[in-house]
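Undergrad: Give the three-dimensional model of this entry:
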Amino acid sequence: QVQLVESGGGLVQAGGSLRLSCAASGSIFSINGMGWYRQAPGKQRDLVATITRGGNTNYADSVKGRFTISRDNAKNTVYLQMKSLRPEDTAVYYCNADIQTVVAGNLVSTEHEYWGQGTQVTVSS
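TA: Next up, the predicted model:
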């Protein structure tokens with residue numbers, strides 16, 4: 001069983017900053033890609049940023065230069081530092097990770113995609 005638990009969301013004024021964290025726990029063998037997605041009311045879930053195990057990053061155009069994704073492989077944790085927040089950044093932010101788990105003894109699963117429960121970020125104008 002694997003869990004992704006996000007934290008750090010909240011209410012902030014436009015121009016402010018927030019830092020989101022997402023910690024993975026459970027019978028984890030390895031975590032490959034990790035990322036953040038967001039979903040505003042009435043809209044689809046969109047990619048915000050991703051990071052490979054080796055640290056290569058990718059960002060949505062709308063957050064480039066304002067958001068920074070990072071990870072701590074020893075802690076199975078991914079972070080999203082958000083600066084210069086705008087009202088249009090308001091959404092539920094979801095953590096995502098591609099994880100191999102220990103099934104039994106030395107057996108390892110194939111890679112599966114896991115999601116966190118989401119954390120609300122609200123930016124007031």
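Undergrad: in this structure, which spans are strands?
TA: Secondary structure of the chain by DSSP state E: the strands cover 2-7, 10-13, 18-26, 28-39, 45-51, 57-59, 67-72, 77-82, 91-104, 107-108, 112-115, 119-124.
Undergrad: Starting from the helix or strand bottoming out on mean pLDDT in the chain, tell me which strands it pairs with and how they run.
TA: The helix or strand with the lowest mean pLDDT-type score in the chain, counting by mean pLDDT, DSSP states H and E, is strand 107-108 (a mean of 89). Strand pairing for strand 107-108, using DSSP bridges, gives strand 91-104 (antiparallel).
Undergrad: Deepest in the core, which of the strands of the chain is it.
TA: strand 77-82 (a mean of 22; mean count of other C-beta atoms under 10 Å). In this view, the C-beta of every residue, glycine as well, is placed from N, C-alpha and C.
Undergrad: Show me what that strand is packed against.
TA: If you count contacts as 3 or more C-beta pairs under 8 Å, 6 or more residues apart in numbering; DSSP states H and E, strand 77-82 packs onto strand 18-26, strand 28-39, strand 45-51, strand 67-72, strand 91-104.
Undergrad: who touches the spatially closest residue to Lys83 that is not a sequence neighbour in this structure?
TA: Once flanking residues are discounted, Lys83 sits nearest to Ser17: 4.7 Å by C-beta to C-beta, 6 or more residues apart in numbering. The neighbourhood of Ser17, defined by C-beta atoms under 8 Å, 6 or more residues apart in numbering, consists of 81-85.
Undergrad: Which one of those residues is nearest to Ala97?
TA: Gln81 (18.0 Å; C-beta to C-beta).
Undergrad: what's the distance between the residue nearest to that closest one when sequence neighbours are not counted and Thr57?
TA: The spatially closest residue to Gln81, leaving aside those adjacent along the chain, is Thr68, at 4.4 Å (C-beta to C-beta, 6+ apart). Using C-beta to C-beta, to the nearest Å, Thr68 is found at 8 Å from Thr57.
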